[in-house]
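Trainee: below: sequence and its predicted model.
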Amino acid sequence: MSYPFLKGHGTENDFVVLPDPDGTVHGDLPAERVRALCDRRAGIGADGVLRAVRAGDGDGWFMDYRNSDGSVSEMCGNGIRVFARYLHDHQGESFPMRIGTRDGVKVLDRAGQELTADMGTPQVLGETKVSVDGRGWAALHVSMGNPHAVAFVDDLDDAGHLLEAPEHDPAVYPDGVNVEFVVRRGEHHVAMRVHERGAGETRSCGTGACAVAVATALADGAPRGTAYRVDVPGGTLHVTWTDDDRILMTGPAVLVAQGQTDL
């Protein structure tokens, strides 16, 4: 079976987009197909797959997101910007745009050449710990619809190679966790590395950048409305925690290729 695909990225966090408006092409999207598409040597290569399917009521779109290992995830911050770019450029959807996700409806809008996603209200769930190669750090448990552990370190190299998931408390994170290692670069300016559950270390994580901005704002005692710059290996995201307790994330979303595949 041959089917269409597109390839895109947000700060080099890359995705395969699968158009499937009526849900008949990919069905439940088998994990084996996701892994084949995301394989960087034998497939197209990506950190995850975004299946574009009409919402259950037929009005609007639902982002069916899968990690590169085929597992289901609740939300993807860079992915939803790429998803919105696809809907605008190829399905004629206009901004502002409402997109259904497993973490509820998200609203996307233009921000010059970039896109801003309203990521909803963060949940700060307390202190925890993470460790790599026997070295541990205190971390803040933040949920952006998916779980994060944010750890401040002296140097981003302290996190090591990140070829394996950092150790964490399975009682706190029974389904795994996205772990962000963070250093300060200046006032309201940080940099991070991330190990994403189901994908490994990636060039960027949108929900992770949001969790990092929340943790940094709390550590700084910053007033709501303070904009944070979050540098990731693949670029820069800007995050604001608003007065009405919403997280707004702004960054690029680029489509780089399209074609047919039978993977």
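Mentor: Structure's in. What do you need?
Trainee: from Gly23, how far off is Thr50?
Mentor: Not Thr; residue 50 is Leu. If you measure Leu50 against Gly23 using Cβ to Cβ, to the nearest Å, the figure is 14 Å. Quick note: C-beta positions are derived from backbone N, CA and C, even for glycine.
Trainee: out of these two, which sits in the busier spot?
Mentor: Between Leu50 and Gly23, counted using other Cβ atoms under 10 Å, Leu50 has the larger neighbour count: 22 against 15.
Trainee: and the helix or strand hosting the more buried one, what does it pack onto?
Mentor: Leu50 belongs to strand 48-54 when assigned by DSSP states H and E. In terms of contacts (3 or more Cβ pairs under 8 Å, 6 or more residues apart in numbering; DSSP states H and E), strand 48-54 is packed against strand 13-19, helix 31-38, strand 61-67, helix 77-91.
Trainee: in JSON lines, list those along with distance to Pro170 and mean pLDDT.
Mentor: Formatted as JSON lines, these follow (distance: least, Cβ to Cβ, whole Å; pLDDT from 0 to 100):
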{"stretch": "strand 13-19", "distance to Pro170": "26", "mean pLDDT": "98"}
{"stretch": "helix 31-38", "distance to Pro170": "22", "mean pLDDT": "98"}
{"stretch": "strand 61-67", "distance to Pro170": "18", "mean pLDDT": "97"}
{"stretch": "helix 77-91", "distance to Pro170": "25", "mean pLDDT": "98"}
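Trainee: give me whichever of those is most buried.
Mentor: Per residue and on average, the most neighbours among the helices and strands packed on strand 48-54 fall to strand 13-19, with a mean of 26 (mean count of other Cβ atoms under 10 Å).
Trainee: ranges for the helices of the stretch 151-263 of the chain?
Mentor: For the stretch 151-263 of the chain, the helices defined by DSSP state H, counting those that start in this stretch cover 206-220.
Trainee: next, count neighbours for Leu237.
Mentor: Counted with other Cβ under 10 Å, residues neighbouring Leu237 total 30.
Trainee: tell me the bridge partners for it.
Mentor: Val230 (DSSP bridges).
Trainee: doesn't Thr207 make contact with it?
Mentor: No - the criterion here is Cβ atoms under 8 Å, and Leu237 misses it with Thr207 at 10.5 Å.
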